[in-house]
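# build the 3D model from these lines:
(one chain, ligands or ions: 1)
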Amino acid sequence: MTTQDDEKRRAAYAAAEVVEDGMTVGLGTGSTVAHLLDALAARSLDVRCVSTSVATEETAQRLGIRTERFDRVERFDVAIDGADQVDGDFWLVKGGGAAHTREKIVAASADRFVVIVDGSKMVESITPPIPVELLEYGFASTVRRLVDTLGGPVEPRDVPRSPDGGVIVDYLGPVGDPAQVAAALSSTAGVIEHGLFAPDLVTSVVVARGEQVEWLHRA
Ligand code: 5RP
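Got it, this is the predicted structure:
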């Protein structure tokens, strides 16, 4: 029987094939990306990588994957990352691992952003929770303004601060049109970044269902 983790591994190994010697590579965060790191390490490629989280950084180093600080890399040939939800228009929700701020910067810096998911992540429409990273300064006020603007609850998540010092909350109210929610979140003072990734960030989604791996390319 194929498990969800088998699907994550299949999607990750398929996506790893796009990485070639000499490339700069952005590495996402999460259990699907853990398989990607295994796949890249197995190929002993000569690549320059940047991690989006401490967990990815530690695993990459343990596997012998060379990583660098992001302040010395201007762009990536490819970034590969997991997602919590992917809808039919290529909207993503990310940040289940609270790493969405760094993940979005890396995705935006990549010529190609490849999303790797098991079949359960493909959804009809985006639903809460939507992860959001807030500046601690003015935190209570920012939460109040988000609740007023979005019309739904915003709850602190019981996780450590992000590596950049931000506080992680989840928007739990209705989403409806993800573009509207993304715009409202982005225009709220005190929001560092949110986990709605717009379709124009995405190049391809690699989804594994059972033993089948399918590449979905954004038109
Ligand atoms: C971390 C993320 C992850 O990519 C997302 O939560 C998917 O995780 P997993 O591969 O463990 O299912 O956005 O911030």
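
# okay, stretch 129-140 in CSV with CA atoms only?
Extracted in CSV, the C-alpha atoms of stretch 129-140 (Å, rounded to 0.1, in the frame of the first residue of the first chain):
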residue,chain,number,x,y,z
PRO,A,129,-5.5,28.0,8.3
ILE,A,130,-3.4,30.6,6.5
PRO,A,131,0.0,31.0,8.3
VAL,A,132,1.1,34.6,8.9
GLU,A,133,4.3,36.0,10.4
LEU,A,134,4.0,39.2,12.4
LEU,A,135,6.5,41.6,13.8
GLU,A,136,6.4,41.5,17.6
TYR,A,137,6.3,45.3,17.8
GLY,A,138,2.6,46.2,17.9
PHE,A,139,1.6,42.5,17.8
ALA,A,140,-1.8,42.9,19.6
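
# distance between that stretch and the chain's centre?
Here the centre of stretch 129-140 is set off from its chain's centre by 18 Å, with Cα atoms, centre = their mean, to the nearest Å.

# does it reach the ligand?
No - Stretch 129-140 does not reach the ligand (Cβ under 6 Å from any ligand atom); its nearest approach is 7.2 Å. Using the backbone N, CA and C atoms, a C-beta is placed for each residue, glycine as well.

# most centrally placed residue in the protein?
In the chain, the centroid-proximal residue (Cα atoms, centre = their mean) is Lys94; its distance is 4.5 Å.

# mind listing the strands for the chain?
Secondary structure of the chain by DSSP state E: the strands cover 24-27, 48-51, 76-81, 85-86, 92-93, 110-118, 130-134, 154-156, 167-171, 191-194, 196-197, 204-209, 212-217.

# now the ones you listed in TSV, with mean pLDDT?
Output for these, formatted as TSV (pLDDT from 0 to 100):
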stretch	mean pLDDT
strand 24-27	98
strand 48-51	97
strand 76-81	98
strand 85-86	98
strand 92-93	98
strand 110-118	98
strand 130-134	98
strand 154-156	97
strand 167-171	98
strand 191-194	98
strand 196-197	98
strand 204-209	98
strand 212-217	98
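
# hmm, back to that, show me what contacts the residue nearest to the centre of the chain?
Lys94 makes contacts with 81-84, 100, 103-104, 131, 195, 197, as judged by Cβ atoms under 8 Å, 6 or more residues apart in numbering.

# Val205 is in contact with Val115, isn't it?
Yes - between Val205 and Val115 there is a contact at 4.6 Å, judged by Cβ atoms under 8 Å.

# need the overlap of contacts for the two.
Any residue near both Val205 and Val115 by Cβ under 8 Å, 6+ apart counts here, and that gives 83, 86.

# who has more neighbours out of these two?
Taking other Cβ atoms under 10 Å, Val205 and Val115 do not tie; Val115 has more neighbours (29 against 23).

# partner residues bridging that one?
In this entry, Val115 is beta-bridged to Asp81, Val205, by DSSP bridges.
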